[in-house]
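A.B. asks: pasting the sequence and the predicted coordinates here, then a few questions.
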Amino acid sequence: MIAVLIFLAIVFSIGGWWLSRQRLMSKPWLEPGFAGVAPGTEAINLPANKVGLGVFLAVVGALFALFISAYFMRTELPDWRNIPMPRIIWLNTGLLVLASAALHCAVVAVRAKQLRALKLDLLACIATTLMFLFGQGMAWETLTAEGYFATSSPAYSFFLMLTGVHGIHIIGGLFVLTRTTRHAWTQTNNAALRASTELCATYWHFMLLVWCVVVVVLAGWANDFVDICRQLLPLG
Amino acid sequence: MVNMVDASPQVAENISAAEVPEVELYHPKSYWTKYIFSQDAKVIAIQYSGTAIAIGLVALVLSWLIRLQLGFPGTFDFITPEAYYQFITMHGMIMVVYLLTALFLGGFGNYLIPLMVGARDMVFPYANMLSFWIYLLAVLVLVVSFFAPGGPTGAGWTLYPPQAIMSGTPGGQQMGIILMLVSLILFIIGFTMGGLNYVVTVLQGRTRGMTLMRMPLTVWGIFTATVMALLAFPALIVAAVMMLFDRLLSTSFFMPALVEFGEQLEYGGGSPILFQHLFWFFGHPEVYIVALPAFGIVSDLISTHARKNIFGYRMMVWAIVGIGAMSFIVWAHHMYVSGMDPYFGFFFATTTLIIAVPTAIKVYNWVLTLWRGDIHLNVPMLFAIGFIVTFVNGGLTGLFLGNVVVDVPLSDTMFVVAHFHMVMGVAPIMVIMGAIYHWYPKVTGRMTIDWMGRFHFWVTFVGSYLIFFPMHYVGLVGVPRRYPELGDATFVTDSLHTLNAFISVAALIVGFAQLVFLFNLFWSLRHGKEAGGNPWRATTLEWQTSETPPIHGNFGKELPIVYRWSYDYSVPGAPEDFIAQNDPGPTKEEAAR
């Protein structure tokens, strides 16, 4: 459970830092009438949907941290055999980087009110993301062709599951991105379009980060680090 | 007297408007959008509560069947060993997940958060509505499993592999376990949609003046429990997905090499302990996901009905946050008997004992709030006091079980069943009952029938002790749990059989008392006394709405401004024994006079 404990430590640190700025030491029973910092809620000065996305990403992060924890615990068992990473994974990673970059450009464009550039960037993101998903399917097929099956190889089972769950999250994001793209053609409200584009970009950057972590784990690059953690904390 | 700081200017652009024109207040016109596909958190709360109580009644009937078998073994032919395992599995899962979690967070969370923080609604009403419908779908999938070939799963509520998906377990190789796992996954997806709403509404939706340290402890409890649930439920989803893979694709995440009826199964190399880690990483925080809202609600009930400010408000807030954080590092105390590194066990025994400290602080603070209070023994207060006593009893046996050496001999006995029913069954349900009696006047505009409420309390309270106190003894004698019949073991004396029958009769009576409660709720809808807006003379914002029951938008055109904390009861010099949170109090001139 090392991965999820590290993840929780990060989340709790952020939460603790935020709470420490919420006057938890105050004595509210002695402060009638004092309404705090105007306008008096001490809420985070961000739109609710951005805060909501942040909370949602923490949930998604916890989900992947738990999958990765399970992965490392399963690798300790004697029947574990690593599988080779299909070479197309590197191409797929590049495609997801491009998708994320395209959305970054889309944010720049929408802030500069360059609608034409925005449309192009959004379309580029959708195209590269679809290619990424197609590439993931090809990676599954490559491993199956090499004789790896879910029943016989736990490493392949994890490969299927981790890439599958990541893919489902990308597909979910694509629905929202498609709606944003449609709005780019139909909507005149720049503020709403900008908010929507920024949310999509944040989500894509986060899913790219998750994918990078998944690749590092599946490629075995994190094994030494996990071994050190296991010696420090015998928590699986 | 008061330090009046103008709380109305709109400095931050992301705070909702204090006042809106009538046209911006959304009032659904059709029956469908008002009562069925409603985006109003209050309607969604009632939908959640109704569904949770309905499925809870199924769990109640299952508990009767369990007790009939244990009290009178061999009397009822239809209760086969397989059926018994299905009953205990479904009873446990329904109570923990589909009733307690859904009712506290989906029911009370939806109704109380927007009203108590002074918001018009949840911040994402559409997702909130979806949350309920997905929850309902999860419940329906669970119900369908009763009618599926082979019936529901009988794996025990913890669904431990490998037996959960073996042919010897009811529903293991049929649809039972699949439907259970799918239902859990749906529940978590639905909850996540609702949970995002609860958290972000508390973070961003508070009205002017409502700082975090002015929030009622009910909101603190629900908020912290929701954050925990958002982080803990993914562990259950991971376990469920991996078990579905094992069951449907024959992977070996959890399944070791097995021989069944002389035949080698295709599984091999998996770890059942891995499942246990994932399950309890969800399962232990789940205890506090249920307990923290209960802690918060009971604090408000005690303060209101004792007419006294809550003792140690700051400490109560810190304790809620501390318990929430610590509950993530105690999970393996459920796995002492699974075998573990002794240092590992020592670590978890220590954290388990440490988490009792903030919990004990809360108990002391409740008692000190009652101390010299103007205690009104209304029905909600009776349930609140019943909760404190029960929680202390259940908590103390938890300290026994938190120690490895005591837990190992007791772990598989009825002692554990008695412990967790006291601490996680009776105690939070006491709070739920008290909370329903407390907020029913706000939800319906009517009071409940008082004598029925008192009858309900006394039968439930005394009856619960008649059930679970003897059950501790039954466990200490050595009666194992999970056994549908005790057979001819030498330690099972005639008197033990008599005691088991006594417990079963008490359980039946307590169960029937809940029907009185339901009757009271329905009867009072028409025949209850008019409640008025604030029958308990409480301080928090939900009691200050212009209309009762509150209409959509909660507060009309103008949101309230909060000037004080939630517990200004019996303030010296105040004209009444409470000052509402939105009451600015006397001006400087008035105070000077």
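C.D. replies: That came in fine, so what should we check first?

A.B. asks: how far does the host helix or strand of B:Val363 sit from the chain's center?
C.D. replies: Counting by DSSP states H and E, the element that carries B:Val363 is helix B:342-370. Taking Cα atoms, centre = their mean, to the nearest Å, the mean C-alpha location of helix B:342-370 is offset from the chain mean by 19 Å.

A.B. asks: same for that helix, what does it pack against?
C.D. replies: Judged by 3 or more Cβ pairs under 8 Å, 6 or more residues apart in numbering or on different chains; DSSP states H and E, helix B:342-370 is in contact with helix B:272-305, helix B:313-326, helix B:379-401, helix B:404-410. No exception for glycine: its C-beta is placed from N, CA and C like everyone else's.

A.B. asks: buried sites along it?
C.D. replies: Neighbour-count burial for helix B:342-370, counted by 16 or more other Cβ atoms under 10 Å in any protein chain shown, picks out B:344-345, B:347-349, B:351-352, B:355-356, B:358-359, B:361-363, B:365-366, B:369-370.

A.B. asks: likewise for stretch A:148-160?
C.D. replies: For stretch A:148-160, by 16+ other Cβ under 10 Å, it's A:Tyr148, A:Ala150, A:Ser152, A:Ser153, A:Pro154, A:Ala155, A:Tyr156, A:Ser157, A:Phe158, A:Phe159, A:Leu160.

A.B. asks: cool, and stretch B:170-185?
C.D. replies: Buried-residue list, stretch B:170-185, by 16+ other Cβ under 10 Å: B:170-185.

A.B. asks: state the mean pLDDT of stretch A:152-171.
C.D. replies: For stretch A:152-171, mean pLDDT is 93.

A.B. asks: can it be found next to chain B?
C.D. replies: Yes: Stretch A:152-171 is in contact with chain B by Cβ under 8 Å from any Cβ of the partner chain, via A:Pro154, A:Ser157, A:Met161, A:Val165.

A.B. asks: other residues contacting that stretch?
C.D. replies: A:60, A:63-64, A:67-68, A:71, A:74, A:77, A:79-83, A:129, A:132-133, A:136, A:139-140, A:143, A:148-150, A:207, A:210-211, A:214, A:217-218, B:241-242, B:245, B:249, B:251-253, B:269-270 (Cβ atoms under 8 Å, 6 or more residues apart in numbering or on different chains).

A.B. asks: buried only: go through these for me.
C.D. replies: A:60, A:63-64, A:67-68, A:71, A:74, A:83, A:129, A:132-133, A:136, A:139-140, A:143, A:148, A:150, A:207, A:210-211, A:214, A:217-218, B:241-242, B:245, B:251-253, B:270.

A.B. asks: any chance of TSV for the residues of stretch A:152-171 next to chain B, columns secondary structure and distance to B:Asp488?
C.D. replies: Output for the residues of stretch A:152-171 next to chain B, formatted as TSV (DSSP: H, G, I helix; E, B strand; the rest coil; distance: Cβ to Cβ, whole Å):
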residue	secondary structure	distance to B:Asp488
A:Pro154	helix	44
A:Ser157	helix	46
A:Met161	helix	48
A:Val165	helix	51
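
A.B. asks: chain B: which of the residues you listed is nearest?
C.D. replies: A:Ser157 (4.1 Å; Cβ to the nearest Cβ).

A.B. asks: where's the spatially most distant residue from the centre of chain A relative to B:Gly262, distance?
C.D. replies: Within chain A, the residue lying farthest from the chain centre (Cα atoms, centre = their mean) is A:Leu30, at 43.7 Å. According to Cβ to Cβ, to the nearest Å, A:Leu30 stands 76 Å off from B:Gly262.

A.B. asks: cool, and B:Asp77?
C.D. replies: Relative to B:Gly262, and taking Cβ to Cβ, B:Asp77 is found at 31 Å.

A.B. asks: how about B:Val123?
C.D. replies: Counting by Cβ to Cβ, the gap from B:Val123 to B:Gly262 is 59 Å.

A.B. asks: so if I had to pick from these two, which one is more boxed in?
C.D. replies: Remark: of B:Val123 and B:Gly262, B:Val123 carries more neighbours, 25 against 5, as counted by other Cβ atoms under 10 Å in any protein chain shown.

A.B. asks: the bottom helix or strand of chain B by mean pLDDT?
C.D. replies: In chain B, no helix or strand scores lower on mean pLDDT, DSSP states H and E than helix B:588-592, which sits at a mean of 60.

A.B. asks: and the stretch 51-200 of chain B, which of its residues are near chain A?
C.D. replies: By the rule Cβ under 8 Å from any Cβ, the part of the stretch 51-200 of chain B lying against chain A is B:Val123, B:Phe124, B:Thr192, B:Leu196, B:Val199, B:Val200.

A.B. asks: and these as JSON lines, adding pLDDT and secondary structure?
C.D. replies: Listed next are these as JSON lines, based on pLDDT from 0 to 100; DSSP: H, G, I helix; E, B strand; the rest coil:
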{"residue": "B:Val123", "pLDDT": "92", "secondary structure": "coil"}
{"residue": "B:Phe124", "pLDDT": "93", "secondary structure": "coil"}
{"residue": "B:Thr192", "pLDDT": "95", "secondary structure": "helix"}
{"residue": "B:Leu196", "pLDDT": "96", "secondary structure": "helix"}
{"residue": "B:Val199", "pLDDT": "96", "secondary structure": "helix"}
{"residue": "B:Val200", "pLDDT": "95", "secondary structure": "helix"}
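
A.B. asks: which one of these is nearest to A:Leu8?
C.D. replies: B:Val199 (16.1 Å; Cβ to Cβ).

A.B. asks: tell me if I'm right that that closest one and B:Leu230 touch.
C.D. replies: Yes: with contact defined as Cβ atoms under 8 Å, B:Val199 counts as touching B:Leu230 (7.0 Å).

A.B. asks: quick one: which of these two has more around it?
C.D. replies: B:Val199 (26 against 23).

A.B. asks: residues contacting that one?
C.D. replies: Contacts of B:Val199 by Cβ under 8 Å, 6+ apart are A:Val55, B:Phe223, B:Thr226, B:Val227, B:Leu230.

A.B. asks: same thing but 6 Å
C.D. replies: A:Val55, B:Thr226 (Cβ atoms under 6 Å, 6 or more residues apart in numbering or on different chains).

A.B. asks: over to A:Leu96?
C.D. replies: Contacts of A:Leu96 by Cβ under 6 Å, 6+ apart are A:Phe132, A:Leu208, A:Trp211.
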